[in-house]
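Undergrad: sequence and predicted structure, then a few things I'm wondering about:
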Amino acid sequence: MLKTIILLTDTVQQQPPLANLLREHNRGLTFCSALRASDLSAIEADVLGEARLVSFAADVAVPEKFLLRLGYGAYKFYVAPTQYPGLPPAPDECDEDPRCYSVIAQSMMIWPDFKKVVGLETVTIPDGTVAAERERMVFSRLAYLFWQMSGMIAGEATDLPGIIESSESRRPALAMMN
């Protein structure tokens, strides 16, 4: 049974609102806070078998041994610029100021072929938006994606359903291409 959510965040101020939101869906949850990999290693091993790790806007490498001990998996919520996916940027586009971002919720696995995207949104920034406003817009969408998925995160499922799975090796059928 899922008993603990380990919240790995960029700042300590992000943790209470995230925990409160998850607690609305599962009142029996307890929470562990982490800001660094060293915080994760301080969590007692007997807690991990009934725990899920949720990384929210944190750029922390989670040790493989830690991921293997989690009974309910690990998921990260993050943002990545997606200007012209698969194509080189246009000559007038600057890499330091992208206009399009992906807000992603993804499983954390030690085997890259088994990672899957469980939530995805795209944010397009209007021309002329200042950096602080762009950051606020993107972070708001990341928080919204977390809010949308909070029921699943706080739920008993050991594996959240993927919307994009990297392990799919099935070739598309002709009917799928139409």
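TA: Here it is on my side, so go on.

Undergrad: tell me which helix or strand the most centrally placed residue in the chain sits in.
TA: Closest to where the C-alpha atoms of the chain average out (C-alpha atoms, centre = their mean) is Phe77, at 2.0 Å. Using DSSP states H and E, Phe77 sits in strand 74-81.

Undergrad: roughly how far apart are the residue nearest to the centre of the chain and Leu160?
TA: Distance of Phe77 to Leu160, given as C-beta to C-beta, to the nearest Å: 12 Å. No exception for glycine: its C-beta is placed from N, CA and C like everyone else's.

Undergrad: what about the strand holding Phe77, average pLDDT?
TA: The average pLDDT within strand 74-81 is 92.

Undergrad: report the angle between the longest helix anywhere in the chain and strand 74-81.
TA: Looking across the chain with DSSP state H, the single longest helix is helix 131-153. With axes from the mean of the first three to the mean of the last three C-alpha atoms, to 10 degrees as the basis, helix 131-153 and strand 74-81 are set at 150 degrees to each other.

Undergrad: what packs against helix 131-153?
TA: helix 15-25, strand 51-56, strand 74-81, strand 100-107, strand 116-124 (3 or more C-beta pairs under 8 Å, 6 or more residues apart in numbering; DSSP states H and E).

Undergrad: give me the phi and psi for Val62.
TA: Main-chain dihedrals, Val62, degrees, to the nearest 10: phi -90, psi 130.

Undergrad: so who does it touch?
TA: Leu8, Ala37, Leu40, Leu53, Ser55, Ala74, Met108 (C-beta atoms under 8 Å, 6 or more residues apart in numbering).
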